[in-house]
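heads up, no residue letters with this:
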């Protein structure tokens, strides 16, 4: 079921294989029109807090610390926890593509979010 969660830069063309396209950035990506984005959902609320995003500032050497703090936010912020559960339910039913604007495809919040979702899905399958 973990194959139901896929990552993709929003700047890549939309595809039928994407399933449900969900933007997980708090800020709308530059240069992308709503038409081109072809979103099913924009989950601003699941993005890292502005403070955490600014602190991380897309610096790879800060990624592990960012990841730790972002996971805490996902678990301890009611709004984020509800959004995470909503994403989890969607991913159980169909393929979801988490869209993000960051240039770095390895060090960004969508990577962390996918990891959290896949872990939760694996735990749910274990019973």
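Looks like it arrived, so ask away. Only a predicted model underlies this, so the values are computations on that prediction, with no experimental measurement involved.

alpha carbons only for contacts and neighbour counts from here, please
Noted.

Residue 122 falls within a strand, correct?
No. Under DSSP: H, G, I helix; E, B strand; the rest coil, residue 122 sits outside any strand and is assigned helix.

Could you pull up the residues touching the residue nearest to the spatial centre of the chain?
Centrality entry for the chain: nearest residue to the mean C-alpha point is residue 110, 3.5 Å, by C-alpha atoms, centre = their mean. Taking C-alpha atoms under 8 Å, 6 or more residues apart in numbering, we find residue 110 in contact with 7, 24, 98, 99, 100.

again, only using 7 Å
7, 24, 98, 100 (C-alpha atoms under 7 Å, 6 or more residues apart in numbering).

would JSON lines of these with distance to residue 57 and neighbour count be doable?
As requested, the contacts of residue 110 are arranged in JSON lines below (distance: C-alpha to C-alpha, whole Å; neighbours: other C-alpha atoms under 10 Å):
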{"residue": "7", "distance to residue 57": "20", "neighbour count": "18"}
{"residue": "24", "distance to residue 57": "16", "neighbour count": "23"}
{"residue": "98", "distance to residue 57": "20", "neighbour count": "26"}
{"residue": "100", "distance to residue 57": "15", "neighbour count": "26"}
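
And for residue 79, the neighbour number?
13 (other C-alpha atoms under 10 Å).

Just the element for it, please.
Following DSSP states H and E, the helix or strand that holds residue 79 is helix 78-93.

With residue 98 instead?
If you go by DSSP H and E, residue 98 is part of strand 96-100.

That strand pairs with which strands, parallel or anti?
strand 5-9 (parallel), strand 20-23 (parallel) (DSSP bridges).

Nearest to residue 121, out of those strands?
Taking C-alpha to C-alpha, strand 5-9 is the member of those nearest to residue 121, at 10.1 Å.

so where's this protein shaky on pLDDT?
In the predicted model, the chain carries pLDDT under 70 at residues 1.
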